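Trainee: I'd like to go over a predicted model; first the sequence, then the structure.
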Amino acid sequence: QVQLQESGPGLVKPSQTLSLTCTVSGASIGTKSYYSSWIRQPPGKGLEWIGTIAYSGAPYYNQALKSRTSVSRDTYKNQIILQLGPVTPEDSAVYYCRVWDSGDDYWGQGTQVTVSS
């Protein structure tokens, strides 16, 4: 059974950098053709794609967030890492990680991040 678990601070101050980790169990992100993504949902809004790291290691970013975003992975720890900063209150959202390929699609349960002083 594949499980994804997001972790990180629930509260971040404006101008700081948000760092989230997604730990994957039951599947190896480094040995199959998986894509790994971060997505968020601000309160009252729809899902917003943040960025993806391909199985090759190449990253792809939402153009609107690209200058503030880094998506990386640690294949030894089987983790996907998001760094976003500097943050503003508009970055408050539920953040999800996703691992997928042509046949599988797995999501974490999401983690709430609030940006506030």
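Mentor: That came through fine.

Trainee: Can you tell me the strand partners of whichever helix or strand R98 is part of and which way each runs?
Mentor: Following DSSP states H and E, one finds R98 within strand 93-100. Applying DSSP bridges, strand 93-100 is found paired with strand 35-41 (antiparallel), strand 105-107 (antiparallel), strand 111-115 (antiparallel).

Trainee: Identify the residues contacting the residue most central in space within the chain.
Mentor: Residue closest to the average C-alpha location in the chain (C-alpha atoms, centre = their mean): W38, at 2.9 Å. Residues in contact with W38 (C-beta atoms under 8 Å, 6 or more residues apart in numbering) are L20, C22, I50, G51, T52, V71, I80, L82, Y95, Y96, C97, R98. Using the backbone N, CA and C atoms, a C-beta is placed for each residue, glycine as well.

Trainee: Any chance of TSV for these, columns neighbour count, pLDDT and distance to Y61?
Mentor: Shown next, in TSV, are the contacts of W38 (neighbours: other C-beta atoms under 10 Å; pLDDT from 0 to 100; distance: C-beta to C-beta, whole Å):
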residue	neighbour count	pLDDT	distance to Y61
L20	22	98	15
C22	26	98	16
I50	25	98	7
G51	21	98	4
T52	19	97	8
V71	20	97	7
I80	29	97	14
L82	23	98	11
Y95	23	98	15
Y96	21	98	16
C97	29	98	15
R98	19	97	15
